[in-house]
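**Q** Below: sequence and its predicted model.
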Amino acid sequence: SSMVLLNVVVAVLLDNFTRCVSEEEAANAQVRANKYNKISDINVSCLDPVLEHLSYFEGKEHLREMSDALFDSLDTEGSEKLGFHELKTGLETLNVQPKIRFTPDEFEFMTVGGTLCDLDAKLSRQHLFVVFQRLLE
């Protein structure tokens, strides 16, 4: 009788153990799925093609040179400042894939709600560099 009881106890313990392992595996699978969903839910910036190119910088000075070169190509008015419309036009004509569709929301995001702009809501050369530094951190 005690042998039967021992077998029952072992069977119950083994059943509980395998159930716990299965529940833990299911929980781990859910955590992995949640991580994947968070990654896929991240807003993709329209600046990603530009940031990908800039990400190959080899130090702060090199990033500054790359940022300055981009600024020069975008500053078609020669004003040494980039407003939303000039930035939009310039970015959308860049030869990158996917094509950039620059929106006022993107401008707000990249200028930290306009705090990097001057009183005319335009970016200076230095502030464009700050934007790229911040986005590439």
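**A** Thanks, I have the structure now.

**Q** So which helix or strand of this structure has the lowest pLDDT on average?
**A** The helix or strand of the chain with the poorest confidence is helix 2-41; it has a mean of 72 (mean pLDDT, DSSP states H and E).

**Q** following that helix, which helix or strand comes up?
**A** Proceeding N to C from helix 2-41, the next assigned helix or strand is helix 48-54, under DSSP states H and E.

**Q** Output the contacting helices and strands for that next one.
**A** Here helix 48-54 is seen to pack against helix 60-74, helix 125-135 when contacts are counted using 3 or more CB pairs under 8 Å, 6 or more residues apart in numbering; DSSP states H and E. (Each C-beta comes from the backbone N, C-alpha and C, glycine too.)

**Q** Identify whichever of the ones you listed lies nearest to residue 101.
**A** When the helices and strands packed on helix 48-54 are compared by CB to CB, helix 60-74 sits nearest residue 101, at 15.7 Å.

**Q** Which residues in that closest one does the neighbour count mark as buried?
**A** Buried residues in helix 60-74, defined by neighbour count with 16 or more other CB atoms under 10 Å: 63, 64, 66, 67, 70, 71, 74.

**Q** In a markdown table, list these along with distance to residue 25.
**A** As requested, the buried residues of helix 60-74 are exported to a markdown table (distance: CB to CB, whole Å):
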| residue | distance to residue 25 |
| --- | --- |
| 63 | 45 |
| 64 | 50 |
| 66 | 47 |
| 67 | 48 |
| 70 | 49 |
| 71 | 52 |
| 74 | 52 |
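
**Q** Let me see the contact set for the nearest residue to residue 132 once chain neighbours are set aside.
**A** Distance criterion CB to CB, 6 or more residues apart in numbering; nearest residue to residue 132, sequence neighbours excluded, is residue 67 at 5.1 Å. Contacts for residue 67 (CB atoms under 8 Å, 6 or more residues apart in numbering) come out as 54, 125, 128, 129, 132.

**Q** hmm, which two among those are most spread apart?
**A** Maximum pairwise distance in those, criterion CB to CB, is 14.8 Å, between 54 and 125.

**Q** export the helices and strands packed on helix 48-54 to a markdown table and tack on mean pLDDT?
**A** Written out in a markdown table, the entries for the helices and strands packed on helix 48-54 read as follows (pLDDT from 0 to 100):
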| stretch | mean pLDDT |
| --- | --- |
| helix 60-74 | 95 |
| helix 125-135 | 93 |
